[in-house]
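Undergrad: Dropping a prediction and its sequence here:
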Amino acid sequence: MGLLLVLVGVAFAVSMALGQYPIPFPLPEKLDPVLRTVLLEIRLPRVISALLIGASMALSGASYQGMFRNPMVSPDILGASAGAGFGAALALLFSRSAGEVQALAFFFGLLAVGLTLTVTKTIARRGSATLVLVLTGMVVSTLFSSLISITKYVADPDSKLPSITFWLMGGLSSVGTRDVILLSFLFLIGALPLFLIRWKLNVLSFGEEEARALGIDVRKMRLAVIFASTLLTASCVSICGLVGWIGLIVPHMGRLLVGPNFRDLLPASTLLGALFLLVVDDVARCAFAAEIPLGILTALIGAPFFLYLLMKGKKGWT
């Protein structure tokens, strides 16, 4: 953990120095207006947002994998990302402001997961709730993905469609201080309960019957994890767009470092997620003259890693 904290600190300092506008080190005692604007109003909010979003996605992914007892689960399994994407696409279609885009994305992200839970509660029988929850989440995700496609189809190809497409690919180019404050607040609300109950995820990984025998209220536990993880996922997608794979691959990196004990795995995944997205964002804005969308880079890294997991052919925890 100490090493991860040091790496995050080093990456933070390096990220503040990287960019199209060179930053002199050591910094002068009196910053000129341009340098102050670049550091405090553009680069600092972006770096902090990358840390918070990476930490949130990795934390929610690790929590979902523990709850579903499946290392192939990611934070968008219940439809939060697809729902948030549709909300943002809808707001962009009607030329709403940036704040309204984020608010609508956040609302539809929560709505999609609420729909998944409602349908699951209606049709699930005792002992099959987890399977029904996953299958319903896949259906809801497909539904909102189809709605996104419809929105793109009816959008003006010269003005609205490019903005919708670019937003869906993910990026941090437009984040500001207000976004950092909002992300920090929602991160605390979502992360705190997950850290407080992380030891119960160890019990839940043995199976629902065993967890009940040890005094765990599985239903309340599942709802707490879903609520906190959905809050984290929806808030991230509403700010940066669809940036996938972090919640899938980072928890596996955490297991390689600290093992499967969730008391250590959740903090490690949180720090690794923050470090991972910060490095990816540095590459996105510095590797080429034009900024690369984050969703493209995370997919380029995540897809080969996912194939590696499939080829290993192991079931359960690694």
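TA: Good, I have the coordinates. As the structure is a prediction and not an experimental result, all values here were calculated from the model.
Undergrad: in the helix or strand bottoming out on mean pLDDT in the chain, what's buried?
TA: Within the chain, no helix or strand scores below helix 208-213, which has a mean of 80 by mean pLDDT, DSSP states H and E. Buried positions in helix 208-213, judged by neighbour count with 16 or more other CB atoms under 10 Å: 208, 211. All C-beta spots, glycine's among them, are computed from the backbone N, C-alpha and C.
Undergrad: could you point out which element follows it?
TA: helix 218-240 (DSSP states H and E).
Undergrad: Using CSV, write out every CA atom in that next one.
TA: What follows is helix 218-240 as a C-alpha-only set of coordinates in CSV (Å, rounded to 0.1, in the frame of the first residue of the first chain):
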residue,chain,number,x,y,z
VAL,A,218,-27.3,-11.3,1.9
ARG,A,219,-30.1,-9.2,0.5
LYS,A,220,-29.1,-6.1,2.4
MET,A,221,-25.5,-6.7,1.6
ARG,A,222,-26.2,-7.0,-2.1
LEU,A,223,-28.3,-3.8,-2.1
ALA,A,224,-25.6,-1.9,-0.3
VAL,A,225,-23.0,-2.9,-2.8
ILE,A,226,-25.2,-2.2,-5.8
PHE,A,227,-26.2,1.2,-4.5
ALA,A,228,-22.7,2.3,-3.7
SER,A,229,-21.1,0.9,-6.9
THR,A,230,-23.9,2.3,-9.1
LEU,A,231,-23.4,5.8,-7.5
LEU,A,232,-19.7,5.6,-8.3
THR,A,233,-20.2,4.3,-11.8
ALA,A,234,-23.0,6.7,-12.8
SER,A,235,-21.1,9.7,-11.4
CYS,A,236,-17.9,8.8,-13.4
VAL,A,237,-19.8,8.2,-16.7
SER,A,238,-21.7,11.5,-16.3
ILE,A,239,-18.4,13.4,-16.1
CYS,A,240,-16.1,11.6,-18.5
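Undergrad: Residues in contact with the following helix or strand past it: which ones?
TA: Where DSSP H and E defines the elements, the next helix or strand beyond helix 218-240 is helix 246-258. With contacts defined as CB atoms under 8 Å, 6 or more residues apart in numbering, helix 246-258 is touched by 1, 4, 54, 57-58, 60-62, 64-65, 71-76, 233, 264-265, 268-269, 272-273, 276-277, 298, 301-302, 305-306, 309, 317-318.
Undergrad: For PyMOL, write the selection for the buried entries among those.
TA: In PyMOL, a selection of the buried entries from the contacts of helix 246-258 looks like this (16+ other CB under 10 Å):
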select buried, resi 4+54+57+58+60+61+62+64+65+71+73+74+75+76+233+264+265+268+269+272+273+276+277+298+302+306
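Undergrad: secondary structure element for the spatially most central residue of the chain?
TA: Nearest to the mean C-alpha position of the chain, by CA atoms, centre = their mean, lies residue 57 at 2.8 Å. Assessed by DSSP H and E, residue 57 sits inside helix 44-68.
Undergrad: what helix or strand does residue 268 sit in?
TA: Counting by DSSP H and E, residue 268 is part of helix 262-286.
Undergrad: which is the next helix or strand following that helix?
TA: helix 294-312.
Undergrad: how far off helix 218-240 does the helix holding residue 57 point, in degrees?
TA: On the basis of axes from the mean of the first three to the mean of the last three CA atoms, to 10 degrees, helix 44-68 is oriented at 150 degrees to helix 218-240.
Undergrad: Who are the packing partners of helix 44-68?
TA: Under the contact criterion of 3 or more CB pairs under 8 Å, 6 or more residues apart in numbering; DSSP states H and E, helix 44-68 touches helix 2-17, helix 177-196, helix 198-204, helix 218-240, helix 246-258, helix 262-286.
Undergrad: and that helix with helix 246-258, angle?
TA: Going by the same axes, to 10 degrees, helix 44-68 makes 80 degrees with helix 246-258.
Undergrad: taking the mean pLDDT, what do you get for helix 44-68?
TA: Helix 44-68 carries an average pLDDT of 95.
Undergrad: what's the closest non-adjacent residue to residue 78?
TA: Of all residues not flanking residue 78 in the chain, residue 137 sits nearest, at 3.9 Å (CB to CB, 6 or more residues apart in numbering).
Undergrad: and that neighbour, what does it touch?
TA: Here residue 137 is in contact with 77, 78, 79, 113, 116 (criterion: CB under 8 Å, 6+ apart).
Undergrad: out of those, which are inside strands?
TA: Nothing among these maps onto strands, per DSSP state E.
Undergrad: Would you mind giving these as JSON lines with distance to residue 165 added?
TA: JSON lines is the format used below for these (distance: CB to CB, whole Å):
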{"residue": "77", "distance to residue 165": "24"}
{"residue": "78", "distance to residue 165": "25"}
{"residue": "79", "distance to residue 165": "21"}
{"residue": "113", "distance to residue 165": "25"}
{"residue": "116", "distance to residue 165": "26"}
